[in-house]
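K.L.:
Here is a sequence together with a model predicted from it:
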Amino acid sequence: MEPVTDDDECGSSTLNSNLKIGDKVCVKSSVKTPKYLWGSVNYKSIGSVINVQGETVTVDFPEQEGWIGEVSEIELVVSADLGFPTHNCLKIGNRVRMRSSVKDPKHGWGSVTHNSIGVIKKIQGDSLTVDFPEQTDWTGIVSEMEAVP
């Protein structure tokens, strides 16, 4: 019997062997230190695959272009409206809040604060729409949000 890993929760581990150029990816949360190190990349980084050769993948992240890693260290970041997991397994209907590390959200704060908890209404690509008590139809970036238990 195989041990269950964190990766199984998102159901993404089986998708890794199907990586294609252009796919949006991130480093798995279960990876402590990537084989070829972090560079400027971190767990919140979302990049595009530019090359896959055997077990090695090259990714252009906003923080670092041409980042090299192992295929087994990354996971796909795909839109929930296609029925696939998204970054950190965020799905429509999840309760979320702004990550504490985010100081200046890409689309602004509006009436939302770090203490606001809302429900994801829509996910499209890297963007999501959240209904907060303070503001409905708030638009943000998936990587700026975290799930709230």
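P.N.:
Structure received.

K.L.:
So Glu55 is in contact with Gly69, correct?
P.N.:
No. Contact criterion Cβ atoms under 8 Å: Glu55 and Gly69 do not qualify, at 9.7 Å. Placement of C-beta: from N, CA and C, glycine included.

K.L.:
tell me the mean pLDDT for stretch 39-56?
P.N.:
Computed over stretch 39-56, the mean pLDDT rounds to 90.

K.L.:
Over to stretch 76-93?
P.N.:
Rounded mean pLDDT across stretch 76-93 is 58.

K.L.:
Which parts of the chain are strands?
P.N.:
Using DSSP state E, the strands of the chain run over residues 24-27, 47-53, 56-60, 67-70, 74-76, 95-98, 118-124, 127-131, 138-141, 145-147.

K.L.:
in its sheet, what does the third one sit against?
P.N.:
In this case it means strand 56-60. strand 47-53 (antiparallel), strand 67-70 (antiparallel) (DSSP bridges).

K.L.:
re earlier: out of the strands of the chain, the one nearest Ser111 is which?
P.N.:
strand 138-141 (7.9 Å; Cβ to Cβ).

K.L.:
how is the chain carved up into domains?
P.N.:
6-77, 82-147 (automatic domain parsing).
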